[in-house]
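Student: Structure for this input, please:
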Amino acid sequence: MLPKQERLTKSREFAYIYRIRKSVANSLLILYVGNIKQNKAMPTKVGFVVGKKVHKRAVKRNKIKRRVREAYRELRKAQEFKLKDYKHLIFIARPAIIESDYSQIFNAVEDCLNKASKRFGE
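Tutor: Below you'll find the predicted structure:
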């Protein structure tokens with residue numbers, strides 16, 4: 001689990017990031033990217049969303065969230081993590097993620113982060 005200061009928890013923060021509309025996507029995930037940080041010492045806040053359209057059972061939705069969160073956590077530790085200068089990131093799962101295993105989810109998270117760093121720069 002991510003530390004509390006690195007989690008996006010307030011609905012108004014989610015709404016603000018959605019309003020900015022800076023996003024990239026692949027077949028499993030959508031990644032919304034916030035603005036660039038003014039203070040580089042502050043951690044990047046991350047949110048994970050799995051809606052009821054993905055699966056109606058909360059157990060399945062939570063399992064997907066745990067997998068996406070773990071993939072992000074592993075990639076965040078990597079030296080070449082490119083989006084550390086952004087304030088907020090939101091990962092939204094798509095319905096195709098239900099049939100995916102962890103390696104596919106890991107690759108999807110990595111793909112989204114790479115696409116966002118290319119599109120929005122640093």
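
Student: element containing the residue nearest in space to the middle of the chain?
Tutor: Nearest residue to the geometric centre of the chain (C-alpha atoms, centre = their mean): Phe91, 2.9 Å. Assigned by DSSP states H and E, Phe91 belongs to strand 88-93.

Student: Given that strand, what are its sheet partners and their directions?
Tutor: Here strand 88-93 has these sheet partners by DSSP bridges: strand 29-33 (antiparallel), strand 45-49 (parallel).

Student: Need the winner for burial among those strands.
Tutor: strand 29-33 (a mean of 22; mean count of other C-beta atoms under 10 Å). The C-beta positions use only the backbone N, C-alpha and C, and glycine is treated the same way.

Student: contacting residues around that strand?
Tutor: 17-18, 20-25, 68, 83, 86, 88-94, 97, 108-109, 112-113, 115-116, 120 (C-beta atoms under 8 Å, 6 or more residues apart in numbering).

Student: CA-only coordinates of it in PDB, if you can.
Tutor: Presented in PDB, the C-alpha positions along strand 29-33 are these (Å, rounded to 0.1, in the frame of the first residue of the first chain):
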ATOM      1  CA  LEU A  29      -6.100   1.400 -18.400                       C
ATOM      2  CA  ILE A  30      -6.600   5.200 -18.800                       C
ATOM      3  CA  LEU A  31      -4.100   7.500 -17.000                       C
ATOM      4  CA  TYR A  32      -5.100  11.100 -16.200                       C
ATOM      5  CA  VAL A  33      -2.100  13.400 -15.400                       C
END
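
Student: Cool, thanks, signing off.
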